[in-house]
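A.B. asks: Sequence first, predicted coordinates after that:
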Amino acid sequence: MKYFAKALDVERSFTFERRNGSLLVVRDDGESFVVDLSPVGDGGAYSFLVDGRSFDCLLEREQGTTVVQLLGERVVVAIQDERELAAQRVAGHKGGGRRAIEAVMPGVVVDVKVAEGDTVEDGQTLCILEAMKMQNPIPADGRAVVARVAVKPGDVVAGGDLLVELDDAPEAEEGAAS
Amino acid sequence: MKYFAKALDVERSFTFERRNGSLLVVRDDGESFVVDLSPVGDGGAYSFLVDGRSFDCLLEREQGTTVVQLLGERVVVAIQDERELAAQRVAGHKGGGRRAIEAVMPGVVVDVKVAEGDTVEDGQTLCILEAMKMQNPIPADGRAVVARVAVKPGDVVAGGDLLVELDDAPEAEEGAAS
Amino acid sequence: MSPPLFQRVLIANRGEIALRVIRTAREMGIESVAVYSDADRNALHVRRADHAVRIGGSAPSDSYLRVDAVLAAARESGADCIHPGYGFLSENAGFSEACAEAGITFLGPSADAIRKMGDKVEARRVADDAGVPLVPGLKDDVRDDAVLIEKAAEIGYPVMLKAAAGGGGKGIRIVRAEKDLLAAASMARAEARGAFGDDRVYLEKFVTRPRHVEVQIVADQHGGVTAFGERECSVQRRHQKLVEESPCPALTPELRAAMCEAACRLARAVDYVGAGTVEFLYSEGAFYFLEMNTRLQVEHPITEERFGVDLVREQFRVAAGLPVCEAPEPRGHAIEVRVNAEDPDNFFPSLGRIRRLGVPGGQGVRLDSALFRGLEVTPFYDSMLAKLVVHAEDRDTAIARAIRAIREFRIVGVTTSMPVAMRALDSEEFRSGDYDTGILERIDRRPSDKVLELAALAAAVGKFLATEEIPVAPSAASRPPISAWNLLDRAERLGRGMR
Amino acid sequence: MSPPLFQRVLIANRGEIALRVIRTAREMGIESVAVYSDADRNALHVRRADHAVRIGGSAPSDSYLRVDAVLAAARESGADCIHPGYGFLSENAGFSEACAEAGITFLGPSADAIRKMGDKVEARRVADDAGVPLVPGLKDDVRDDAVLIEKAAEIGYPVMLKAAAGGGGKGIRIVRAEKDLLAAASMARAEARGAFGDDRVYLEKFVTRPRHVEVQIVADQHGGVTAFGERECSVQRRHQKLVEESPCPALTPELRAAMCEAACRLARAVDYVGAGTVEFLYSEGAFYFLEMNTRLQVEHPITEERFGVDLVREQFRVAAGLPVCEAPEPRGHAIEVRVNAEDPDNFFPSLGRIRRLGVPGGQGVRLDSALFRGLEVTPFYDSMLAKLVVHAEDRDTAIARAIRAIREFRIVGVTTSMPVAMRALDSEEFRSGDYDTGILERIDRRPSDKVLELAALAAAVGKFLATEEIPVAPSAASRPPISAWNLLDRAERLGRGMR
């Protein structure tokens, strides 16, 4: 079975083979590695040997992604096996539709940058949430139309509280969207 | 209900009372303390406040004893409540009888100091077990007669293996035993 | 051992700085009193202190910022002195005053010194009087073109034209040569009139490639002031320092001596007593006064490591009337990395419970933190989790040591700023020593391809092993032990892949 | 940065010392290769190295002691040098030779130097020739009473009469004054004849209140030898050191200089290259050669802290042909506490799994350890878990810092020697500085009444809360969450108390 991994812009697929007690991984570019991933205790720590090179790593596995910590870095890897990918393809592309932008942490809304009916671009600041002594801009998760603004400056919100609702925006021209 | 604690030669009993949300402990000598034992996570760590004094402590509770770590020390406290004490009294005094002296750790027997039929005193060395680069004398657990010696120098033993069996010895005179 | 200088110190703070003070107090034979909010009942500063007093609810305004509650706790616990740490009440002149009135020694400067240095305008005036250089500029608008040209030449190009009514960077024009000055001035006036209804503009030197460099001083009650060298704090984002080092690689011995001298003059000018930091803007061989922080600074440990002094001990000593020590000859190079609970990409605070913790160690590594496994990182307080401080023979080794210590530091439960700090330390710009406050914006935020490839591989192997080890048709009797992870993976597979 | 001195170092060791070498190697840009036994697959030295090679089974004789396996691993991994650490193969002359033959640099002295210093008789001869003082005594039996009296007077009382055929302390008589000498000699001869069938006796100085003091040296390939002061190692039990400090509080500057000079002479006499330690017996103003350890010593970090040097770096440097550095001016006082997995009362090894770990931190605290939560402490290797090293301005502060660090250090899963070390540090005898190798036998092993009372109280409160919080008639729906502890307690109650 193939495994598909995506770390930022690095996309790879892997197949596995057991040979004389060793685990062999073959990457889509043809490179192969003898690997040994040995769990240390039960907290997600591993000793990871790759062709004799050693890495102290942490894997936190969640639904569809694994957060990998190694060499001082933290990388979120989207990971699926063939079956999962097939199942996802059957489910088809969901699209955005109406969705809620929620407070990722408790805090105070110090500024609201949009109004209902505004068209916003991906990453555009919707409002500013102050928490832990810092001002945190809350961005749109894609090109969208603001369906509803649920907060005003001064509001205290808990984590998960609704801030703004967005609707899919009509497709922008190819040039503007890329 | 009373709680009986014994830490080396310090023997105390305690009763508890809740007053206005505080927990009050009264010790058998009449001294009383307002205490707050707050668990930190799930590993046996506690923040222990006694009349405003603060102690960072660890409690490992086992059958009948609690190992307490605080102020850099480690103390094994025998602890029973009234019910347990009563139950134990009903069970009566078990006495020594025949018992096995077992290897407390894996190692190599480097010397055997006693032979069958010997009378040994409390703490007298029965044999010497080498483990972790150190020679460890294995002592008798009380005045006794050696019923059987199960090992000879050079034997490799696992933790829990029988070394020597002891029988109760006839009571020594009062003067010699104390 | 001589009797302790104080009987009992109350620390009006929390987190790593409270622990920092408790440690020195213990080493000096002084008992410590922790105060805590409800959120901090199990905090490490409470557990490590000799006494602990609850002072209120979780919000700082209900606890650590309450002068009355802190003073009541001091009285209740019999404390004879109070250490304010940094933040919270540390630069509150009223608190210093209230301590004095309560007959409790405040381990910091007088209310008067705090007030003078806390007021930006007053602080600049005092500094100017004490001969501490300010950023050159004019205090008033100049309408006469000839005078404007003359003054700009005096200040030296590039200069800035700033709208008098402006603020937050609005209405600023930078002029790089005299030929552009008058045109720029008339445009700036027009803009200022449009934006603020006020066309007055000021002239100020535009500081190119500024560095933030600060001097640590400790002053005693007898007029003695010691400067413990400088700290370079230019690795910042949103004015929050992330990495500090000492010494500053840009300073010559002459500039360092001049900067230390200026800091001592300022301290003497306000009869300063205690530890304080004078912040400067440094640019191309010149330095200008920014402000004075009338308290212990977060990054004080890098000074301690180089000089082999304990600045908290010095605070106790000068508060007890002893003379401040002489500065020993500094040794080697020290770097501090602040470890904040935040997303390394967007600097959002990250909340959660610390599920796993592995701290760095070995030679030249100091960790000041109140972290423990099980700690809840809440939104109530500062996001700084730990200060990783390294000290080594030379700057190259200190950088290498900081990076290897970051690689050893494992925190699971919240994301931290460590990867950003690591990439900054590892950058050519930082290694060269020739950087400025813009460095973090120029750092590549993307992990290397090597790391991304490895992470992809590790994630794939992890998933393969978890999937593979579940028997296809498990029977209860023969089933091998299944970890929680395997169960998660199975749930995932059953719930999604196999549907 | 200059290119690294070596490409890749294989560390023929495990545990904290392997980690120690990996850290410095990384900081110097040298890649590291760990070797591991089956028991150590997940050990920290394996996880922190750049490469890892399995070399055999868990018993040292199947792995870390196998010269062939270690050299094969070096070849396989392309290592160009080998660090032996301490113990295992570090003082194996054959290993040093085999490395040389394989063209791999051995980070230690030549086989010849190891052999000379490894043979006690030869080492004493070399030391004597190099003018290093030995414990005064005679090499042969003396039958002439007048000569015996004369020689004893030369050596100085008290003297020892030792049976030539004896050993392990048997057949020793101590003579405190000349008047007792001849009678003691004839009794000693009679005893020796009875016990060993050989009545020859030797005369040797009886060293009263001996202290174990050692000098750290590093020698280069060009005849340069630097002494980095001394370490005081008299806090021992069963000849295992437990606490070490530097400097030795008993030495005058003159004695220190003489001791360092003697150590350097000995190093030169055997053309020593690398780091080594010369051990002396010190007593009442005089010192005598004991032995030389031709490797890095466990307690080397206290020297590093005082001198601000990295001794492993010096090992790499001199092995690469660079000259050894000059010794910087030492600063402050350093103490090392060895943390062993053993019962604090009877010193039995304690095995088990580390279930909880909280390490000390803050200023002047260095932890060298390969501990992690989940580590299995097995019987295969040394019981030392960690080295806690503190450094402070002065000795009193260093002692206070060591004690506070011990109090911060939490290990659950095995018992450790820390309480004994803490009581030794806290004793009047240690604090006075005037102690000898017998100090541990004189230390009170009983915790204070205060601690015992508190422990009894804590245990009672813990039991009360666990008992109280179980509902009398729990119903599945309304039952509050019950921790594993509560369950344990309930099992206990049901199983014993309520039966």
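C.D. replies: Nice, I can see it. Numbers count the residues shown, from 1 in each chain, chains lettered A, B, ... in the order given.

A.B. asks: Any idea what whatever residue of the stretch 201-350 of chain C ends up closest to chain B is bridged to?
C.D. replies: Minimum separation of the stretch 201-350 of chain C from chain B (Cβ to the nearest Cβ) falls at C:A341, amounting to 17.7 Å. Where C-beta positions appear, they are placed from N, C-alpha and C, glycine not excepted. C:A341 has these beta-bridge partners by DSSP bridges: C:T416.

A.B. asks: neighbouring contacts of the longest helix anywhere in chain C?
C.D. replies: Ranked by number of residues, the top helix in chain C under DSSP state H is helix C:449-468. By Cβ atoms under 8 Å, 6 or more residues apart in numbering or on different chains, the residues outside helix C:449-468 that reach it are A:1, A:3, A:5-10, A:12, A:14, A:16, A:23, A:25, A:27, A:33, A:35, A:37, A:46, A:48, A:50, A:55, A:57, A:59, A:61, A:66, A:68, A:70-71, A:73, A:75, A:77, A:79, A:81, C:447, C:485-486, C:488-489, C:493.

A.B. asks: starting at the chain centroid, how far to that helix?
C.D. replies: Offset of helix C:449-468 from its chain centre (Cα atoms, centre = their mean, to the nearest Å): 37 Å.

A.B. asks: Now do the end-to-end distance for stretch C:103-120.
C.D. replies: End-to-end span of stretch C:103-120 (Cα to Cα, to the nearest Å): 30 Å.

A.B. asks: which element is C:I403 on?
C.D. replies: Assigned by DSSP states H and E, C:I403 belongs to helix C:395-408.

A.B. asks: ok, the single nearest residue of chain C relative to chain B to chain D distance?
C.D. replies: In chain C, the residue that lies nearest chain B is C:G374 (3.0 Å; Cβ to the nearest Cβ). As judged by Cβ to the nearest Cβ, to the nearest Å, C:G374 and chain D stand 10 Å apart.

A.B. asks: Count the neighbours of the residue of the stretch 101-250 of chain C found nearest chain A for me.
C.D. replies: Proximity of the stretch 101-250 of chain C to chain A (Cβ to the nearest Cβ) peaks at C:R238, 7.2 Å away. Residue neighbour count, defined by other Cβ atoms under 10 Å in any protein chain shown, stands at 9 for C:R238.

A.B. asks: likewise C:R75?
C.D. replies: With neighbours defined by other Cβ under 10 Å, the count for C:R75 comes to 13.

A.B. asks: and it, what is it in contact with?
C.D. replies: Contacts of C:R75 by Cβ under 8 Å, 6+ apart are C:A102.

A.B. asks: part of a strand, is it?
C.D. replies: No. Applying DSSP: H, G, I helix; E, B strand; the rest coil, one finds C:R75 to be helix, outside a strand.

A.B. asks: so what pLDDT did it get?
C.D. replies: Per-residue pLDDT puts C:R75 at 97.

A.B. asks: With the one 5 residues further on instead?
C.D. replies: pLDDT for C:D80: 97.

A.B. asks: contacting residues around it?
C.D. replies: C:6-9, C:104-105.

A.B. asks: count of neighbours near the spatially closest residue to C:R193 that is not a sequence neighbour?
C.D. replies: Among residues not flanking C:R193 along the chain, C:D199 sits closest, at 4.0 Å (Cβ to Cβ, 6 or more residues apart in numbering or on different chains). When neighbours are defined as other Cβ under 10 Å, C:D199 has 19 of them.

A.B. asks: For the longest helix of chain C, which residues meet the burial criterion?
C.D. replies: C:451-467 (16 or more other Cβ atoms under 10 Å in any protein chain shown).

A.B. asks: Also stretch C:190-197?
C.D. replies: Residues of stretch C:190-197 classed as buried by neighbour count (16+ other Cβ under 10 Å): C:191-192, C:196.

A.B. asks: closest point of the stretch 101-250 of chain C to chain D, which residue?
C.D. replies: For the stretch 101-250 of chain C, Cβ to the nearest Cβ, closest residue to chain D: C:F228, 14.0 Å.

A.B. asks: Contact partners for that residue?
C.D. replies: Listed by Cβ under 8 Å, 6+ apart, the contact set of C:F228 reads C:216-218, C:303, C:307, C:309, C:311, C:327, C:330.

A.B. asks: hmm, which helix or strand of the chain has the shakiest average pLDDT?
C.D. replies: Here I'm looking at chain A. Of all helical and strand segments in chain A, the minimum by mean pLDDT, DSSP states H and E falls on helix A:174-177, at a mean of 41.

A.B. asks: I was after chain C.
C.D. replies: Across the helices and strands of chain C, mean pLDDT, DSSP H and E gives its lowest value to helix C:484-492, namely a mean of 38.

A.B. asks: Select from the buried residues of stretch C:190-197 every entry located in helices.
C.D. replies: Per DSSP H, the subset of those in helices is C:191-192, C:196.

A.B. asks: Where does pLDDT dip in chain A?
C.D. replies: Chain A contains residues with pLDDT under 70 at A:89-96, A:132-134, A:171-178.

A.B. asks: So for it, the centremost residue is which one?
C.D. replies: Chain A has A:V76 as the residue nearest its centroid, 6.6 Å off, counting by Cα atoms, centre = their mean.

A.B. asks: What's opposite that residue in the beta bridge?
C.D. replies: Beta-bridge pairing of A:V76 under DSSP bridges involves A:V67.

A.B. asks: And for the one 4 residues further on?
C.D. replies: Assessed by DSSP bridges, A:Q80 has beta-bridge partners A:F4.

A.B. asks: Chain neighbours aside, what residue packs nearest to the residue in the stretch 1-150 of chain C that chain D sits nearest to?
C.D. replies: Closest to chain D within the stretch 1-150 of chain C is C:E27: 4.2 Å, counting by Cβ to the nearest Cβ. If the residues on either side of it in the chain are set aside, C:E27 comes closest to D:A400, at 4.2 Å by Cβ to Cβ, 6+ apart.

A.B. asks: shouldn't that neighbour be in contact with C:G29?
C.D. replies: Yes. Counting by Cβ atoms under 8 Å, D:A400 does reach C:G29; the two are 7.4 Å apart.

A.B. asks: neighbour-wise, which of the two wins?
C.D. replies: Per other Cβ under 10 Å, whichever of D:A400 and C:G29 has more neighbours is D:A400, with 22 against 15.

A.B. asks: give the contact list for the more buried one.
C.D. replies: C:26-29, D:392.

A.B. asks: top helix in chain A by residue count?
C.D. replies: Longest helix in chain A by number of residues (criterion: DSSP H): helix A:82-91.

A.B. asks: pLDDT below threshold where in the stretch 1-150 of chain C?
C.D. replies: C:1.

A.B. asks: Would you pull up the residue in it closest to chain A?
C.D. replies: For the stretch 1-150 of chain C, Cβ to the nearest Cβ, closest residue to chain A: C:G87, 9.0 Å.
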